[in-house]
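[1] need a structure here:
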Amino acid sequence: MNGYTTLGTNNLEQSAAFYGQLLSEIGGTRVMENDRMVMWSLGAGKPSLAVLKPADGNSATVGNGTMVGISCDSHEIVNTQHAKALQLGGADEGAPGPRGDGGVFYGGYFRDLDGNKVVFFKMG
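    Coordinates of the predicted model:
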């Protein structure tokens, strides 16, 4: 079970603006923030997402093979959120559509402004 996910950033203000606009589209609200971190939640009992400057003071880097999946209620929301991420400056990593055998997984992939890989997805 995922309680929260953090993504490293080298520009907290820019990253907070990106995710603030993006997550507000699906009901995300800021629930915590300080001088090195901003966190959003979609509600009680749902996972949260935070962007932060690394605690060790070194530059944030992208993890090879690391990805964050944000669950959506419909294919339409996946499509809209993927388009919004690109509109806000994210880079396309795979247009929304079915993946795998049987099309059970539907996802749209992008990289955020720091290069972190994220997917909006709908199962079923």
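[2] what packs against the top strand by length along the chain?
    With secondary structure taken from DSSP state E, the chain has its longest strand at strand 91-99. Here strand 91-99 touches helix 75-87, strand 105-111, strand 117-123, going by 3 or more Cβ pairs under 8 Å, 6 or more residues apart in numbering; DSSP states H and E. Yep, even glycine has a C-beta here, placed from its N, CA and C like the rest.
[3] export those to JSON lines and tack on mean pLDDT and mean neighbour count?
    As requested, the helices and strands packed on strand 91-99 are exported to JSON lines (pLDDT from 0 to 100; neighbours: other Cβ atoms under 10 Å):
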{"stretch": "helix 75-87", "mean pLDDT": "98", "mean neighbour count": "18"}
{"stretch": "strand 105-111", "mean pLDDT": "96", "mean neighbour count": "21"}
{"stretch": "strand 117-123", "mean pLDDT": "95", "mean neighbour count": "20"}
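[4] quick one: low-confidence ranges for the chain?
    Scanning the chain for pLDDT under 70 picks out 1-2.
[5] residue with max distance from the center of it?
    Ranked by distance from the centre of the chain (Cα atoms, centre = their mean), the top residue is residue 102, with 25.3 Å.
[6] that's a helix at that residue, yeah?
    Yes - counting by DSSP: H, G, I helix; E, B strand; the rest coil, residue 102 is located in a helix.
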